[in-house]
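Engineer: Sharing a model prediction with you, sequence too.
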Amino acid sequence: MSSGLSWRHHTIIQALLSRGPLKEKDLHSMFQDLTNKNPVTERQLFDGFVLKINKALTCVHFELRGCIDQYDGQLYYGVVNTVSDEQSKLGTKYKVPQIAFYKAIIEAIVQDATANGVVSNIAALNFSLDSQVTIVSNQQSQESQSHVPSVLKNFSLADKEKTLHELVKDQWLDLTADGNIKLGVKSFLDLRSWFRSNDVPSCHVCSEAGVKVELCQNESCTVRIHQHCLKQLFSLRKASKVCPSCGTPWPYAVTKAEAVQIEDENERRENRQASGSKEKRRKKNRIVEDDNAVQNEDDNERRGSQQATGSNEKRRRTNRIVEDANIGGSGASQSSADFRRVTRSSAGLM
Ligand SMILES: [Zn+2]
Ligand SMILES: [Zn+2]
């Protein structure tokens with residue numbers, strides 16, 4: 001049976017496999033170059049294109065998926081392996097102790113009490129892999145669980161440094177400007193179900209795992225929100241920069257640059273909904289240029305009542321691609337409203 005993929009699909013798959021995850025704007029510009037179609041104004045075409053790729057990838061347990069990098073708030077697309085054990089995810093490149101080391105780092109990052117989503121280089125290099133015995137035991141069942149296998153004991157400081165370097169190079173991990181270790185884009189793409197099964201607390205706004213988040217100032221409140229979700233949340237409300245759960249004031253200021261960016265994003269969404277006449281766009285641009293706060297917020301509130309928050313929308317868009325792959329034959333002809341329903345009802349099952 002033919003996969004039905006054209007050279008255009010193959011070009012995109014090839015790019016994602018060889019270059020690793022791509023930013024949304026890079027994937028969009030590739031799509032535009034290949035098809036002469038605008039992926040933003042012709043969203044259904046783009047979604048259909050991705051759906052077709054995903055149908056072909058399903059047979060080999062791969063999936064083209066979108067995710068948001070929680071450190072920069074950007075949407076990335078990447079191909080992930082849907083077989084859910086570390087060995088197959090990290091491929092044949094990494095050995096058992098290296099995978100155990102990666103897992104220890106991930107665990108430390110998600111357990112960071114300040115929710116900055118980082119672990120220091122020194123702390124990582126000092127990790128003992130003793131607690132990771134189960135990985136090895138699972139794979140080498142002849143070894144007893146009661147003592148640490150030698151393969152982990154002999155994993156030296158130099159081995160750790162080398163592994164860290166490789167994990168960063170392969171985008172499983174990344175480094176912050178001040179040299180701490182954070183999750184790489186590949187981990188965000190890949191670990192969604194791991195975050196769930198390990199009870200990583202979720203963001204109050206988008207319900208995705210909250211690895212790099214801001215915490216409510218009220219110590220007895222457990223609300224945590226991604227920075228990109230906060231930006232959307234507070235751009236929709238007049239002056240109430242407060243915790244959506246307990247009402248404690250939330251120190252937050254939208255910069256002028258961010259306000260413009262939010263406007264741009266909202267505008268893109270409106271254009272996609274095919275309602276954006278040129279006149280409307282011109283008017284909105286004028287509002288942004290004038291930086292007229294009142295009008296801006298009225299505009300936002302009107303939008304807020306029409307649709308869910310921007311980041312929910314963004315998340316739905318991210319998830320939609322994944323869900324599309326599961327919808328099967330009827331997916332391509334469904335309206336976007338149907339997509340949303342499907343996505344919402346199946347969120348949390350991945
Ligand atoms: Zn969020
Ligand atoms: Zn709170």
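Structural biologist: Perfect, thanks for sending it. Ligands and ions are numbered 1, 2, ... in the order given.
Engineer: Find the closest residue to ligand 2 in the stretch 1-150 of the chain.
Structural biologist: residue 115 (13.6 Å; CB to the ion). C-beta: built from backbone N, CA, C; applies to glycine.
Engineer: Nearest residue to that residue in space, please, no chain neighbours.
Structural biologist: Nearest non-adjacent residue to residue 115, counting by CB to CB, 6 or more residues apart in numbering: residue 213, 4.8 Å away.
Engineer: residues from the protein in reach of ligand 1?
Structural biologist: Residues of the chain lying near ligand 1 by CB under 5 Å from the ion: 203, 205-206, 226, 229.
Engineer: where does this structure have low pLDDT?
Structural biologist: Residue ranges of the chain with pLDDT under 70: 1-3, 84-89, 91-92, 131-148, 237-239, 254-350.
Engineer: where along it do the strands fall?
Structural biologist: For the chain, applying DSSP state E gives strands covering 22-23, 62-68, 75-81, 118-119, 173-175, 181-183, 214-215, 224-225.
Engineer: Any chance you could list what contacts the first one?
Structural biologist: In this case it means strand 22-23. 15-16, 30, 74-78 (CB atoms under 8 Å, 6 or more residues apart in numbering).
Engineer: Any chance of a markdown table for those, columns neighbour count and distance to ligand 2?
Structural biologist: A markdown table is the format used below for those (neighbours: other CB atoms under 10 Å; distance: CB to the ion, whole Å):
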| residue | neighbour count | distance to ligand 2 |
| --- | --- | --- |
| 15 | 15 | 43 |
| 16 | 20 | 39 |
| 30 | 17 | 42 |
| 74 | 14 | 27 |
| 75 | 18 | 27 |
| 76 | 23 | 30 |
| 77 | 22 | 33 |
| 78 | 22 | 33 |
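Engineer: before we move on, the earlier item: tell me how many other residues crowd the residue nearest to residue 115.
Structural biologist: As a burial measure, residue 213 scores 23 neighbours (other CB atoms under 10 Å).
Engineer: I'd guessed it sits against residue 223; true?
Structural biologist: No. Counting by CB atoms under 8 Å, residue 213 does not reach residue 223; the two are 9.3 Å apart.
Engineer: OK, contacts around residue 216?
Structural biologist: With contact set as CB under 8 Å, 6+ apart, residue 216 has these partners: 222-224, 243, 245-246, 248, 250.
Engineer: Residue 32 too?
Structural biologist: By CB under 8 Å, 6+ apart, the contact list for residue 32 reads 38-39.
Engineer: gap between it and ligand 1?
Structural biologist: 29 Å (CB to the ion, to the nearest Å).
Engineer: do residue 35 as well
Structural biologist: Distance, residue 35 to ligand 1, using CB to the ion: 31 Å.
Engineer: What number of residues are in the vicinity of the nearest residue to that residue once chain neighbours are set aside?
Structural biologist: Closest residue to residue 35 apart from its sequence neighbours, by CB to CB, 6+ apart: residue 8 at 6.3 Å. Residue 8 is flanked by 16 other residues according to other CB under 10 Å.
Engineer: next one: residue 65
Structural biologist: Neighbour number of residue 65 under other CB under 10 Å is 25.
Engineer: For it, give the beta-bridge partners.
Structural biologist: For residue 65, the beta-bridge partners are residue 78 (DSSP bridges).
Engineer: So it is in contact with residue 80, correct?
Structural biologist: Yes. If you go by CB under 8 Å, residue 65 and residue 80 touch, sitting 5.4 Å apart.
Engineer: could you pull out the helices for the stretch 151-300 of the chain?
Structural biologist: Ranges of helices in the stretch 151-300 of the chain, per DSSP state H, counting those that start in this stretch, are 157-169, 185-190, 192-197, 227-235, 256-272, 278-290, 293-306.
Engineer: mind listing what's buried in the first one?
Structural biologist: Using 16 or more other CB atoms under 10 Å as the test for burial, helix 157-169 gives 160, 163-164, 167.
Engineer: Look at residue 112 and say how many residues are nearby.
Structural biologist: There are 14 residues near residue 112, going by other CB under 10 Å.
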